[in-house]
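A.B. asks: everything below, folded, please.
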Amino acid sequence: MDRIPMTRAGYEKLKAELRHLETVELPKVLDRLAKAREEGDLRENAEYQFSQEARLLLEARIRDYRDRLARAYLVDPEQMPRDQVALGATVRVKDLDTGEEEEFCLVGAGEEDPSANKILVTCPLAQGLVGKRVGEIAEIQVPAGLLRFEILQIRYDQPEASSQN
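C.D. replies: Numbers count the residues shown, from 1 in each chain. Now for the predicted structure:
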């Protein structure tokens with residue numbers, strides 16, 4: 001069983017989402033299911049089938065969240081070495097094949113947002129960057145081929161400072 005690195009903020013966010021699923025969403029689905037069950041023949045009851053599927057999907061999400069929280073270990077980004085890529089780092093890289101620059105923020109579970117380039121520190125791309133210093137080359141094997149990045153900048157933003165900008 002692999003342990004999952006998380007910041008305190010990510011852990012609390014995941015915990016709050018789990019609590020919401022268990023105390024708000026699940027009761028709604030169970031109520032819809034009970035009302036649909038009262039309508040009679042369950043084989044031809046579309047609302048019952050839909051509610052049953054929604055319940056199964058929701059229970060699977062709840063199990064996943066519980067599992068991730070059970071396997072979590074807290075990491076304090078403040079304690080990470082500032083001269084290399086680690087959890088909490090925002091790293092600017094240059095793709096050596098295209099010349100394009102990209103920026104990734106390595107986050108723990110519960111904080112990922114691919115649309116904002118916030119990637120899990122445990123994903124293959126992030127794992128290829130972890131431990132690298134400015135000027136070093138990261139070669140990362142992904143299904144699409146070999147990615148080659150030069151590390152241009154590493155910074156550790158303060159969460160409070162970045163939310164005020």
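A.B. asks: biggest strand in this protein, by residue count?
C.D. replies: strand 145-155 (DSSP state E).
A.B. asks: list the buried residues of that one.
C.D. replies: Neighbour counts over strand 145-155 (16 or more other C-beta atoms under 10 Å) mark 147, 148, 149, 150, 151, 154 as buried. Every C-beta, even on glycine, is put in place using the N, C-alpha and C of the backbone.
A.B. asks: how far away is the second one from residue 95?
C.D. replies: The spacing between residue 148 and residue 95, counted by C-beta to C-beta, to the nearest Å, is 7 Å.
A.B. asks: same question, residue 38
C.D. replies: Counting by C-beta to C-beta, the gap from residue 38 to residue 95 is 58 Å.
A.B. asks: neighbour count for these two, which is higher?
C.D. replies: Neighbours were counted for residue 38 and for residue 95 using other C-beta atoms under 10 Å; residue 95 has more, 13 against 9.
A.B. asks: any idea how far residue 77 is from the residue lying closest to that one once chain neighbours are set aside?
C.D. replies: The shortest distance from residue 95 to any non-neighbouring residue, by C-beta to C-beta, 6 or more residues apart in numbering, is to residue 149 (6.1 Å). As judged by C-beta to C-beta, residue 149 and residue 77 stand 21 Å apart.
A.B. asks: residues near the closest residue to residue 8 other than its chain neighbours, how many?
C.D. replies: The spatially closest residue to residue 8, leaving aside those adjacent along the chain, is residue 74, at 5.8 Å (C-beta to C-beta, 6+ apart). Other residues lying near residue 74 total 11 when counted by other C-beta under 10 Å.
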